[in-house]
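[1] here is my input, please return the structure:
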Amino acid sequence: MNIQHVALAGNIGAGKTSLTGMLSKQYGWDALFEDANTNPYLSDFYLDMKRWAFNLQIYFLNSRYRQVLDIRSGQNTVIQDRTIYEDAHIFAPNLYEMGLMAERDFKNYIDLFNTMSSQVKGPDLLIYLRGSIPTLVDHIQLRGRDYEGNMSLDYLKRLNQRYENWIEGYKEGKLLIINIDEIDFINKPEDFGFIINQIEAEIGGLFNII
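    Reported below is the predicted structural model:
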């Protein structure tokens, strides 16, 4: 079985970036990370969400669309930190519902997403990191990113509910759900081993690393 595209999904603070790096090292997969450090809108967004919401979402949409095109046109197995679907099904609708994105901007965004998503294939395997709000908050505080200090608890709760709704109806490919409330894969090798076993069981234990 050829695995070309594995993706990590989950709310802010779920541990996607850490697990992406660990799985990349474990299997020799190429890693594609969310470019939070070079994103020109992210810090401004957390200071003034209404002003920068549309700009931020367009930036992420374009970035992840280009990533998927590169993955499918390449020869290597790639693991991606967050998917193009999360932007459209979770973050953009949440901003619109909160009154932080204008209706015309939201409609324009969704129309653009529909065009882009019709041209790409979903991940061969999606790994969803499910976490409760207390766990996510603990992780966010531990990593200490300055711009995340302005994030409201209500914003995080809304995102979490949208993630659950999206995952419930996910049909783009194979899906593996990992409950991060019950494990510490960063600090406990046995918990990381548990994730490895779950991944290999999900795809029949057959990894052909291209």
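[2] where does the prediction get shaky in this structure?
    1, 35-37, 144-150, 205-210 (pLDDT under 70).
[3] could I get the full set of helices for it?
    16-27, 42-47, 49-73, 84-86, 92-97, 103-117, 133-143, 153-168, 189-202 (DSSP state H).
[4] so for E34, which of those helices sits nearest?
    Checking these against E34 by Cβ to Cβ gives helix 16-27 as the closest, at 7.0 Å. Heads up, the C-betas are built off the backbone N, CA and C, glycines and all.
[5] chain center to that closest one, what's the gap?
    13 Å (Cα atoms, centre = their mean, to the nearest Å).
[6] can you list the helices of the chain in TSV and add distance to A7 and mean neighbour count?
    Listed next are the helices of the chain as TSV, based on distance: least, Cβ to Cβ, whole Å; neighbours: other Cβ atoms under 10 Å:
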stretch	distance to A7	mean neighbour count
helix 16-27	9	18
helix 42-47	20	16
helix 49-73	9	18
helix 84-86	9	22
helix 92-97	18	20
helix 103-117	14	15
helix 133-143	19	15
helix 153-168	13	15
helix 189-202	12	14
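[7] and I180, which of those helices is closest to it?
    Closest approach to I180 among the helices of the chain (Cβ to Cβ): helix 133-143, 6.0 Å.
[8] I'd like to know which elements that closest one is packed against.
    Applying 3 or more Cβ pairs under 8 Å, 6 or more residues apart in numbering; DSSP states H and E, one finds that helix 133-143 contacts helix 153-168.
[9] thinking again about what came up before, need the helices of the chain in JSON lines with distance to D181, can you?
    JSON lines is the format used below for the helices of the chain (distance: least, Cβ to Cβ, whole Å):
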{"stretch": "helix 16-27", "distance to D181": "15"}
{"stretch": "helix 42-47", "distance to D181": "25"}
{"stretch": "helix 49-73", "distance to D181": "27"}
{"stretch": "helix 84-86", "distance to D181": "20"}
{"stretch": "helix 92-97", "distance to D181": "22"}
{"stretch": "helix 103-117", "distance to D181": "31"}
{"stretch": "helix 133-143", "distance to D181": "5"}
{"stretch": "helix 153-168", "distance to D181": "12"}
{"stretch": "helix 189-202", "distance to D181": "12"}
